[in-house]
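> got a structure for you, letters missing:
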C-alpha cells in the first residue's frame, strides 16, 4: 500500500540515526479521527490508476508499506494488546476532488486513532521507520 506524504519539507523527512538514510518522519503519518489514510496498490491496479496519480501537489512523495508490516507494528512497538490493521475505505466523502478514480483505492490504517498519545507516537514512529520511498512520479 502507499501513503502520500504531502510535501518533502523538513517536518516530513528525517535521517535515520544509524544509517543516515533519509526516511519519512512520524509527522508523515498524521492520525486522523478515522485512522491514517493510505491507498491499496492492488485496488489502484484494478482501477487502472497509476501510483503517480496520487501525487496531486508539487513536492508530494509516496512511501510504501505492506499490510503485514502494519499488522505487526504494534508488537514491534511493544503494544501487542493494541493491534493495527488496514481497512478498505473507498470513496471517502471528505476529500478534494471526490470523483477522482484514485479515491476508489483509499484505505485506512486502523488502530492508532484509538490509542493514547504515548502508544500512538510509538506506532507512528515505527510506521515511519518501516516505510520505503517509492520512485513513482506524476
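Thanks, I have it. Quantities reported herein were computed from a predicted structural model and do not represent experimental measurements.

> can we go C-alpha only for contacts and neighbour counts from here?
Noted.

> wait, a strand at residue 108?
Yes - counting by DSSP: H, G, I helix; E, B strand; the rest coil, residue 108 is part of a strand.

> tell me the bridge partners for it.
residue 37, residue 87 (DSSP bridges).

> hang on, it packs against residue 89?
Yes - in this structure, residue 108 is within contact of residue 89 by CA atoms under 8 Å, at 6.3 Å.

> neighbour-wise, which of the two wins?
More neighbours surround residue 108 than the other of residue 108 and residue 89, with 21 against 18 (other CA atoms under 10 Å).

> need the contact list for that one.
Contact analysis of residue 108 by CA atoms under 8 Å, 6 or more residues apart in numbering lists 34-39, 86-89.

> what's the farthest-apart pair in those residues?
Pairwise distances across those peak at 14.6 Å for 34 and 39 (criterion: CA to CA).

> those two: which has the busier surroundings?
The neighbour comparison of residue 34 against residue 39 (other CA under 10 Å) goes to residue 39, with 26 against 14.

> next up, the contacts around that one.
1-3, 105-108.

> now for the residue lying closest to it once chain neighbours are set aside, how many residues are close by?
Distances taken as CA to CA, 6 or more residues apart in numbering place residue 106 nearest to residue 39, at 4.6 Å, with adjacent residues excluded. Close neighbours of residue 106, defined as other CA under 10 Å, add up to 23.
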